[in-house]
Structures are given as structure tokens and as C-alpha cells.
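A.B. asks: got a predicted structure plus its sequence, pasted below:
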Amino acid sequence: NSTIRQLQKEFPPIKNNLILRACRGEPVEHVPIWIMRQAGRYLPEYLSLRSQHSFFDVCRTPALVCEVTLQPLRRFDLDAAIIFSDILVVPQALGMQVDMIAKEGPRFAHPLNVPADIKIRVDRTKQASVELKYVYDAITLTRHALNGQCPLIGFSGAPWTLMSYMVEGKGSETHSKAKKWLYTYIEESHDLLQFLTHFVIDHLIEQVCAGAQLLQLFESHCGCLNHDLFVRFSLPYLRQIAKGVRDGLTRRQIPYVPIIIFAKDAHYALDELCSSSFDVVGLDWSVTRKQIRTLREKYPTVTLQGNLDPCALYASQDDLEKMIKQMLEIFGTKSYIANLGHGIYPDANVDNVKHFIDTVHRISKDMIKS
Ligand code: 1CP
């Protein structure tokens, strides 16, 4: 612990803290922007590195994580870096085998079919600080390499999203296998979600100890839940994480860092999310202008993030500019972080990504000045 604190003291001073100010609702010169999956397959330099290393080998090698995390920052004027990792490092840390299959995505060798599998496949004695040390080492290295250019975001998958992968064993349209647990193995589902919650809290706190300056929690699989299932099987654990990270950092005497909740497709629960003590609520691209205006009126102290359709990057630069202007007019320039409304696609046009970032900066700067 003392080594970590020593290292933290030696981190270079921050030059651009716009995104941290936006999280706190403080004035900014222009709206900060980062892009979900900004390090990834749309960048030729990422593909070139990936042709030599497997996905999880990159994740487990701090020097490669650092390189890939910095790649988009060399091209674009981004206001945050996000550590290169994956939400599925958590099930791996618990002893589950997950492989990344080219053109398909993640695959679990032995998913959880019935609750009895939990005892065999999930090792509850594992500790984040030990199993995921490679993530924390990568964060410390990258924070130094960033040299204060902008803040570094740490992240984790949320319990329901992790559980649904552990049961389905891969991506799914309906998540019906995982949802079946919520109707048939109710107690066992809560037990697994509760265990994952404690692990995720530890994982997030360790990332902050290692140097993460902002956190994002990904609850990506809300589209297959309804309000009732969300309130029972997702929301209580999200709230525990917000509180658990806050309390854990206080206990360790580490300054608080803001937390972003990105619950994809939870358009039915925006009120609950905005009143859950997260600093920032990320909105996916399907949230309407009307919903955004209502949230702004009801929750003026909650910072919002989002929500340009990732496919808008296929549009002409003139059309893109119109959409950006509209987005800035709806969200406003205060308590706002510009982003896409989900991860960028592998065929996104790099010039349009640059145009998106520069245009958000230019237009918001003019709006703030006038
Ligand atoms: O071949 C490759 O290089 C793999 C592509 C890839 C990348 C670049 C995967 C596989 N993961 C990542 C990195 C990643 N994943 C980051 C890095 C930081 C960044 O630049 O943003 C982050 C934040 C994630 C988070 C993640 N992984 C989520 C939550 C976000 C979301 O999209 O909703 C999810 C659901 C995953 C699982 C995952 N990992 C990879 C894929 C293709 C998927 C989705 C599979 C599916 O369910 O269809």
C-alpha cells in the first residue's frame, strides 16, 4: 500500500482535467470527449499489433496494454484514455476459461449450465488484487506514460452482464439461457450476482489504487431485461458498487474518483440510474431527445454522457456536424461528456472520428464563449 501511494505521488501533474471537471459539474472551456472502444479494430496500428499477439495476451502484457491505450491519443485530441482490457477478465480471474475467437467474439470453454456448476467452475477464494495484478500494473505504467496528458479511465463489467456471459458462454441475442436463471434459480442467481458485486468492487478500487482517475461500469445487457427484472437483478448491485467503491476508497484514504454507469438499453430505468449516486449516467444512442431534456430538468446535478449513434460516423462530415450541433444543443455544455452511444464499430472511418472529436471541441467552445 505504501508503495502504491508513493507511486501515486510521483504521477506527472495533470494538464487536461476537463472530463473530471465535467463530472463535478464545474465550468469547462469546451466539452470533453472520449469514445467507447477508442482503442481497437478501426485503427490500423491496433490491427497490426493484434496480428502478432492474441487478444488476451495483449490484455495480460502491461507494455502492450500501454501501447494500445495510447494509440488513439496519438491521432486524436481526446480528453480521456481508457485502459485497454476487457470485462471478461473477471470471469477468467475466477477460474473460467474464456478465449477470443476471431470474427466471432468471446467463448467460454465451460459455461455455467446449472447452479451446481458454480461450485466447480467459480473459485470464490480468488482475489482481484492477485489475479488481476496485470491490469493494475498496466494502469500504473500507462498513467506514467500518459504524462498527465489527460485522465485514465478504469472499468469493469457489472454483475448481471458478467453473469449472463458466464451462463450463455458467448454473446447472445436473447440471453434466454441466462434469463432462465432469473426465473428458475432465483436465489442462486442473487447469490452469484452478490458474489460478483464484491469482486467488482475490489477490482474497481484496485484500479484506482493503481492510478485510474475515473471509472466506468458497463451493464451492457439491459436490453434483454424489463423494468421488473432490472430492478431486482441489476439495480441493487449497481447501487452497492457505487457505495462500495466510495466507502472502500475512503477506508483506504484514497481520494474519491467519479464513476460513470453505462447501462446499455436501460431506457426504462433512467430515473433509477440518475438517482443512484453515480456521478455520470452514460446514455446509449437509442435514448431520445425528449428523454434527455426530461433528465436535464429533473436531475441537474447528474452529469450525462453520450450518445451519438456509432453509425453516424458513416455520414458525410457536413451531416455529422449537424448531428453534433443538435447533440450539444440538447445536452448543453455543462455537466456533459460527449461520446458515442455504444462502442465504435471496426469499420468506422478514422477521418470522421477525428472530425467528430474536433467538431465537438470547436462548436462547444463557441457555445461557451457566447
Ligand atoms: O479481436 C479483437 O481485437 C477483439 C475486439 C475487442 C476489443 C478491442 C474485444 C472483444 N474487447 C476489446 C476491448 C474492450 N472491451 C475495451 C477496451 C477499451 C476501449 O478502448 O474502450 C472495453 C471497455 C471493453 C468492454 C467490453 N467487452 C464490453 C462492454 C462494452 C460494450 O460493448 O457493451 C463487452 C460487452 C465486452 C465483451 C466483448 N469483448 C470483445 C467483444 C467482441 C465483446 C462483445 C461480444 C458480444 O457479446 O457480442
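C.D. replies: Nice, thanks for sending it over. Bear in mind that the values here come from a model prediction, so they are computed numbers and not experimental data. Numbering: from 1, shown residues only.

A.B. asks: the stretch 251-370 of the chain: helices as residue ranges?
C.D. replies: If you assign secondary structure with DSSP state H, counting those that start in this stretch, the helices in the stretch 251-370 of the chain sit at 270-274, 289-298, 317-331, 350-369.

A.B. asks: put the alpha carbons of the third one into PDB.
C.D. replies: Extracted C-alpha coordinates of helix 317-331, given in PDB (Å, rounded to 0.1, in the frame of the first residue of the first chain):
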ATOM      1  CA  GLN A 317     -18.800  15.300 -42.500                       C
ATOM      2  CA  ASP A 318     -21.500  18.000 -43.100                       C
ATOM      3  CA  ASP A 319     -24.300  15.800 -41.800                       C
ATOM      4  CA  LEU A 320     -22.100  14.700 -38.900                       C
ATOM      5  CA  GLU A 321     -21.500  18.300 -38.000                       C
ATOM      6  CA  LYS A 322     -25.300  19.000 -37.900                       C
ATOM      7  CA  MET A 323     -25.900  16.000 -35.700                       C
ATOM      8  CA  ILE A 324     -23.100  17.100 -33.300                       C
ATOM      9  CA  LYS A 325     -24.600  20.600 -33.100                       C
ATOM     10  CA  GLN A 326     -28.000  19.200 -32.300                       C
ATOM     11  CA  MET A 327     -26.500  16.900 -29.700                       C
ATOM     12  CA  LEU A 328     -24.700  19.800 -28.000                       C
ATOM     13  CA  GLU A 329     -27.900  21.900 -28.000                       C
ATOM     14  CA  ILE A 330     -29.900  19.200 -26.300                       C
ATOM     15  CA  PHE A 331     -27.300  18.200 -23.600                       C
END
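
A.B. asks: any chance of CSV for the helices of the stretch 251-370 of the chain, columns mean neighbour count, distance to the ligand and mean pLDDT?
C.D. replies: Using the backbone N, CA and C atoms, a C-beta is placed for each residue, glycine as well. Formatted as CSV, the entries for these read as follows, by neighbours: other CB atoms under 10 Å; distance: least, CB to the nearest ligand atom, whole Å; pLDDT from 0 to 100:
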stretch, mean neighbour count, distance to the ligand, mean pLDDT
helix 270-274, 18, 15, 98
helix 289-298, 14, 20, 98
helix 317-331, 16, 20, 98
helix 350-369, 17, 12, 98
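
A.B. asks: residue of the stretch 101-250 of the chain with the smallest distance to the ligand?
C.D. replies: The stretch 101-250 of the chain approaches the ligand most closely through Gly171 (2.8 Å), counting by CB to the nearest ligand atom.

A.B. asks: could I get the phi/psi values of the closest residue in space to Ala338 that isn't next to it in sequence?
C.D. replies: Counting by CB to CB, 6 or more residues apart in numbering, the nearest residue to Ala338 once its immediate chain neighbours are dropped is Ile33, at 4.0 Å. Note on Ile33: its backbone torsions stand at phi -140, psi 140 [degrees, to the nearest 10].

A.B. asks: who's in contact with Ile33?
C.D. replies: By CB atoms under 8 Å, 6 or more residues apart in numbering, the contact set of Ile33 is Leu78, Asp79, Ile337, Ala338, Asn339, Phe356, Ile357, Val360, His361.

A.B. asks: could you check the pLDDT of the fifth one?
C.D. replies: At Asn339, the model reports a pLDDT of 98.

A.B. asks: surely it and Met36 touch.
C.D. replies: Yes: Asn339 sits in contact with Met36 when judged by CB atoms under 8 Å, with a separation of 6.1 Å.

A.B. asks: between those two, which is the more surrounded one?
C.D. replies: Between Asn339 and Met36, counted using other CB atoms under 10 Å, the more crowded position is Asn339 (27 against 22).

A.B. asks: who's Gln305 bridged to?
C.D. replies: For Gln305, the beta-bridge assignment (DSSP bridges) gives partners Gly282, Ile337.
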